[in-house]
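Undergrad: with the sequence up front, the predicted model follows.
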Amino acid sequence: MRFSDFVLLLNTLWFGGAFIQFSIAQSNTLKILVPREERGNPIAPTLSASVAFLGGINLPIGLLSLYLLARPPFFGADDAQLALFLFFAACHFSQFAYNLPVLMRGGRVGVAYWPVLKGPMLRIFVIDAVLFVANLVVVFLLLSS
């Protein structure tokens with residue numbers, strides 16, 4: 001298995017998992033984002049329902065990664081690979097980067113924000129950073145060949 005295929009497989013699994021987490025397991029996501037004492041707040045169900053769009057955004061990205069594993073003819077061109085791996089890197093970076101301000105504020109502050117450095121959010125933070133770098137490595141390998 002080529003390194004680029006391995007990265008595509010990881011992208012597929014990660015973005016597919018994000019679809020499940022945000023669109024199917026919304027109540028679980030609410031438990032990550034909202035402290036237990038605030039889950040009775042009338043806004044909590046709205047927040048839970050609103051995260052479904054995050055899954056909706058992640059699903060087509062995961063499906064694109066899966067499709068590219070089949071190496072369709074257009075994906076053989078270096079320019080196409082370069083553009084798509086840059087796209088995947090940007091997707092992971094944006095998800096990593098939006099956690100940075102929360103981390104800089106100290107994570108959960110009272111009932112606001114979420115704990116970036118523990119539990120599921122730490123896993124999300126680290127995996128998005130690692131996959132950002134992995135996709136960039138593929139980009140650099142393409143540029144150097």
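TA: Thanks, I have the structure now. Numbers count the residues shown, from 1 in each chain.
Undergrad: and residue 12, what is it in contact with?
TA: Residue 12 makes contact with 62, 65-66, 69, according to C-beta atoms under 8 Å, 6 or more residues apart in numbering. Where you see a C-beta, it was placed from the backbone N, CA and C, and this is true even at glycine.
Undergrad: where does this structure dip in pLDDT?
TA: The chain contains residues with pLDDT under 70 at 107-113.
Undergrad: what about residue 44, how many neighbours?
TA: 15 (other C-beta atoms under 10 Å).
Undergrad: skip the chain neighbours and tell me the closest residue to it.
TA: Spatial nearest neighbour of residue 44, excluding adjacent residues (C-beta to C-beta, 6 or more residues apart in numbering): residue 34 at 5.7 Å.
Undergrad: how about residue 32?
TA: Distance criterion C-beta to C-beta, 6+ apart; nearest residue to residue 32, sequence neighbours excluded, is residue 120 at 5.2 Å.
Undergrad: over to residue 128?
TA: In this structure, residue 128 finds its nearest non-sequential neighbour in residue 96, 4.0 Å apart by C-beta to C-beta, 6+ apart.
Undergrad: report the buried residues of the helix or strand hosting the one you found.
TA: Residue 96 belongs to helix 78-97 when assigned by DSSP states H and E. Neighbour-count burial for helix 78-97, counted by 16 or more other C-beta atoms under 10 Å, picks out 81, 84-85, 88-89, 91-93, 95-96.
Undergrad: on that earlier part again, report the separation between the residue nearest to residue 32 and residue 30.
TA: 12 Å (C-beta to C-beta, to the nearest Å).
Undergrad: ok, residue 83 next?
TA: 36 Å.
Undergrad: could you do residue 19 as well?
TA: Counting by C-beta to C-beta, the gap from residue 19 to residue 30 is 17 Å.
Undergrad: of the two, which one has the most company?
TA: residue 19 (22 against 17).
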